[in-house]
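1. please work out how this folds:
(4 chains)
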Number of protein chains: 2
Amino acid sequence: MSGRPRKASPIRSKGKEYHHGSLRRTLIDASVEVIASAGIDALNLRELALRVGVTAGAPYHHFANRGELLAAIAEEGFEKFGAALIAERDAAPDDAASRLEALGRGYLSFAISHPGHFRVMFHGDAKPSGPTESGLRALRLLQDAVEDCQRTGVAPPGEPTPLVLTAWSIVHGLATLWVDRALPFEGVDPERLAPQIANMVPRMFAALAAVRPNPSGPTR
Amino acid sequence: MSGRPRKASPIRSKGKEYHHGSLRRTLIDASVEVIASAGIDALNLRELALRVGVTAGAPYHHFANRGELLAAIAEEGFEKFGAALIAERDAAPDDAASRLEALGRGYLSFAISHPGHFRVMFHGDAKPSGPTESGLRALRLLQDAVEDCQRTGVAPPGEPTPLVLTAWSIVHGLATLWVDRALPFEGVDPERLAPQIANMVPRMFAALAAVRPNPSGPTR
DNA sequence: GACATGATCTAAGCGCTGATCAGATTGGAG
DNA sequence: CTCCAATCTGATCAGCGCTTAGATCATGTC
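-> Next up, the predicted model:
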């Protein structure tokens, strides 16, 4: 009851007020929910706006168009993604193989627990520019982990790019198949399979290193 | 059958006739082109119809709605896909590892040479039913190849599902990253990298088999 | 406290796209 | 030739993205 009742608290209760208070945040959250359960195509700005209690034109004061709403979701997703990868990696034992495995687990865990963000992050259609800054940072984490494995001998030496791409492809492929619901294995729970697959990455690299000390050279 | 001038030739020249003659085929082909270059979202039935010389309502005599057009493209894609995989496999040397590698090469080649079909085939949004009959047939090819590798000792024994899923994830992940243009490696040509990655699948399996004769048991 | 200013939201509407439907046109079967 | 089924046209509706003018609120200034 002092002079200014609500100054540093921009979040209002959901009551009927002219200004929503945190419409941008609310729109992103609601969008992620819709996309997670029904896909990007099902995202309807009109319905979305009405559902959170504003008129159809209001979102355009926070996002220039539908694409920029999606871009904001993707950017937020890549930031959460990078943070999740780092957390998982730093919680792992301090050897190169364990940390690479942790990154793989983190990758899959993120896709499973944030399918809405993940879908938008790697949505191929109509990508204006290439990968974002945050996306590249996440890739560098993987790259460093693979090179660490090479230095400590738990991955074969040589050009790291094919190894990085292989590791990335494994986890990204499984994550994609999972969020696209394209896994036709009955009785298989991808959520339990995820750490198994993630663990397979450093195991295969280690096996390669043990069998072939120098597998470089043209493959075909 | 010499009486009727055109009976068994339903394909007309692009001349202005009331009946198009092969509108369904033409619509699919044009759609695949659009999707390959601009993505699924860019597919516009009106523009598509006018471009091939019919009015906006005509496509609905061949497809109940936009989704069924996409479903037809996916189905056709899976059929081409299966045929391409079989052709590649049967052209390979007659050992299990070579055939598994050939399947991986076929997978990636298909994605690279048929990006339009591939995009629709694995489009996660609004998939009504699960994978198609043809899709499951393609999966069985991979499953059989992996089990052959296990029998001949070039892959570790045990449950084949994790191995199948790993192999599938590697090629599917790279293919997805490729068609989504999400590969931020400069100076790297995925088209030349594809056989290298495909070759890595049986090599890693063989290494695993050589190092650990029995890697079964809970991973974590 | 009165006022100006910028940010936010409403209300109305435009254009484009997916989808429907009655009727015109055509090829083919009997 | 006659009739039928398939195909296409033309008109139209509904839904959605987006724009614009004006109303409402928050905040800083005097």
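2. so how many other residues sit close to A:Glu133?
-> Neighbourhood size, A:Glu133 [other Cβ atoms under 10 Å in any protein chain shown]: 10. Yep, even glycine has a C-beta here, placed from its N, CA and C like the rest.
3. how about it, phi and psi?
-> Note on A:Glu133: backbone dihedrals following degrees, to the nearest 10 are phi -60, psi -50.
4. wait, isn't A:Lys80 in contact with A:Phe118?
-> No. The criterion here is Cβ atoms under 8 Å, and A:Lys80 misses it with A:Phe118 at 10.1 Å.
5. shared neighbours, those two?
-> Taking Cβ atoms under 8 Å, 6 or more residues apart in numbering or on different chains as the contact rule, A:Lys80 and A:Phe118 both touch A:Phe110.
6. settle it for me: which of these two has more neighbours?
-> Higher neighbour count among A:Lys80 and A:Phe118: A:Phe118, with 24 against 16, using other Cβ under 10 Å.
7. quick check: the more buried one vs B:Thr55, distance?
-> Using Cβ to Cβ, to the nearest Å, A:Phe118 is found at 40 Å from B:Thr55.
8. one more: A:Ile28?
-> 41 Å.
9. who's more crowded, the two?
-> A:Ile28 (19 against 9).
10. name the element the more buried one belongs to?
-> Using DSSP states H and E, A:Ile28 sits within helix A:23-38.
11. which parts of that helix are buried?
-> Residues of helix A:23-38 classed as buried: A:Leu23, A:Thr26, A:Leu27, A:Ile28, A:Ala30, A:Ser31, A:Val32, A:Val34, A:Ile35, A:Ala36 (neighbour count, 16 or more other Cβ atoms under 10 Å in any protein chain shown).
12. same check, this time on stretch A:150-158
-> For stretch A:150-158, burial by neighbour count (16+ other Cβ under 10 Å) applies to A:Gln150, A:Val154, A:Ala155, A:Pro156.
13. so which of the residues you listed are in helices?
-> A:Gln150 (DSSP state H).
14. what sits against A:Val34?
-> A:Ala42, A:Leu43, A:Asn44, A:Leu48, A:Gly116.
15. for it, give its distance to DNA strand D.
-> 11 Å (Cβ to the nearest atom of the strand, to the nearest Å).
16. mind checking how far that residue is from A:Leu50?
-> Per Cβ to Cβ, A:Val34 is found 13 Å from A:Leu50.
17. equivalent analysis for A:Glu88, please.
-> Distance of A:Glu88 to A:Leu50, given as Cβ to Cβ: 39 Å.
18. quick one, which of these two is more surrounded?
-> Per other Cβ under 10 Å, whichever of A:Glu88 and A:Leu50 has more neighbours is A:Glu88, with 20 against 13.
19. now do the helix or strand containing A:Leu50: distance to the chain's middle.
-> A:Leu50 belongs to helix A:45-51 when elements are defined using DSSP H and E. Chain-centre distance of helix A:45-51: 25 Å, with Cα atoms, centre = their mean, to the nearest Å.
20. got the angle for the helix or strand following it vs helix A:23-38?
-> Per DSSP H and E, the first helix or strand lying C-terminal to helix A:45-51 is helix A:66-90. Using axes from the mean of the first three to the mean of the last three Cα atoms, to 10 degrees, one finds that helix A:66-90 and helix A:23-38 are set 80 degrees apart in direction.
21. could you say what helices and strands helix A:66-90 packs with?
-> Taking 3 or more Cβ pairs under 8 Å, 6 or more residues apart in numbering or on different chains; DSSP states H and E as contact, the helices and strands that helix A:66-90 lies on are helix A:23-38, helix A:96-113, helix A:115-121, helix A:133-151.
22. can I get those in a markdown table with mean pLDDT?
-> Putting the helices and strands packed on helix A:66-90 into a markdown table (pLDDT from 0 to 100) gives the following:
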| stretch | mean pLDDT |
| --- | --- |
| helix A:23-38 | 95 |
| helix A:96-113 | 94 |
| helix A:115-121 | 96 |
| helix A:133-151 | 93 |
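23. which of the ones you listed sits closest to B:Leu139?
-> Among the helices and strands packed on helix A:66-90, the nearest to B:Leu139 by Cβ to Cβ is helix A:96-113 (20.2 Å).
24. the closest one and chain B, are they touching?
-> No. Residues of helix A:96-113 are not located near chain B by Cβ under 8 Å from any Cβ of the partner chain, the shortest gap being 9.3 Å.
25. tilt between that helix and helix A:133-151?
-> 150 degrees.
26. helices or strands next to helix A:96-113 in the packing?
-> Where contact means 3+ Cβ pairs under 8 Å, 6+ apart, helix A:96-113 is packed against helix A:66-90, helix A:115-121, helix A:133-151, helix A:160-179, helix A:190-211.
27. dump the residue contacts of the closest residue to chain B within chain A.
-> Here the residue of chain A nearest chain B is A:Gly173; by Cβ to the nearest Cβ that distance is 2.7 Å. For A:Gly173, the contact set (Cβ under 8 Å, 6+ apart) comprises B:Trp168, B:Ser169, B:Ile170, B:Val171, B:His172, B:Gly173, B:Leu174, B:Thr176.
28. could you measure from the nearest residue to it once chain neighbours are set aside over to A:Pro59?
-> In space, and not counting its chain neighbours, A:Gly173 is closest to B:Gly173: 2.7 Å by Cβ to Cβ, 6 or more residues apart in numbering or on different chains. Counting by Cβ to Cβ, the gap from B:Gly173 to A:Pro59 is 34 Å.
29. again with A:Arg105
-> 36 Å.
30. swap in A:Arg99?
-> To A:Pro59, A:Arg99 is 41 Å away according to Cβ to Cβ.
31. then A:Val154?
-> From A:Val154 to A:Pro59 the distance is 49 Å (Cβ to Cβ).
32. now A:Arg119
-> 20 Å.
33. and what of A:Val164?
-> 39 Å.
34. more neighbours: which of these two?
-> Ranked by neighbour count (other Cβ under 10 Å), A:Val164 and A:Pro59 place A:Pro59 first, with 22 against 19.
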